[in-house]
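In: A structural model of the following input is requested.
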Amino acid sequence: MARSINQVILMGRLTRDPEMRTTTTGKSIASFSLAVDRQTQDDQADFFDITAWEKLGELANQYLSKGRRCLVQGRLRQDSWDDKETGKKRSKIEVVATDITFLDGPNGSEGGSSAPRSADNGSSNKKSKDVVIDDIDDKPIDLSEIPF
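Out: Purely as a prediction, here's the structure:
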């Protein structure tokens, strides 16, 4: 029998700043909403509620804000309850984030990373140099030159 799969990947913009709260057991949770544009002529969007727990939620709360782009990987979770006022059965589907990739830089510029950079990088003694490739030719690659 095949395994069940519950996985979702969304890329969009936050519709509001993350809201941070703490459960009665002391775990932190951040909630925010993501607008994902549809690829139609009407410029419509789908809206998803996202929750991120503990360290991931704290990072989302610290580095994300309304309008910022991010990629969220996670799973769908359905919650059901009885409405106290009407007595009707209610339900809601949300995305429980397992990973968030920040796509905008600190000032809203594009080009992000899956984890924010630490302000203190002095603990590493390695010096890294960025390699810039100025010219790339369009010649086909000779597979016999690859050493493996």
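
In: List the contacts of Ala45.
Out: The contact partners of Ala45, by C-beta atoms under 8 Å, 6 or more residues apart in numbering, come to Gly12, Ala35, Val36, Asp37, Arg38. C-beta here means a position set from N, CA and C on the backbone, and glycine is covered the same way.

In: Pull out the buried members of those.
Out: Buried by 16 or more other C-beta atoms under 10 Å: Gly12, out of the contacts of Ala45.

In: Using pLDDT, spot the least trustworthy of the contacts of Ala45.
Out: Lowest pLDDT of the contacts of Ala45: Arg38, 87.

In: ok, back up a step: in strands, which of the contacts of Ala45 fall?
Out: Gly12, Ala35, Val36, Asp37 (DSSP state E).

In: Okay, and the beta partners of the residue nearest to the second one when sequence neighbours are not counted?
Out: The shortest distance from Ala35 to any residue that is not its chain neighbour, by C-beta to C-beta, 6 or more residues apart in numbering, is 4.5 Å, and that residue is Ala45. Taking DSSP bridges as the rule, Ala45 bridges to Asp37.
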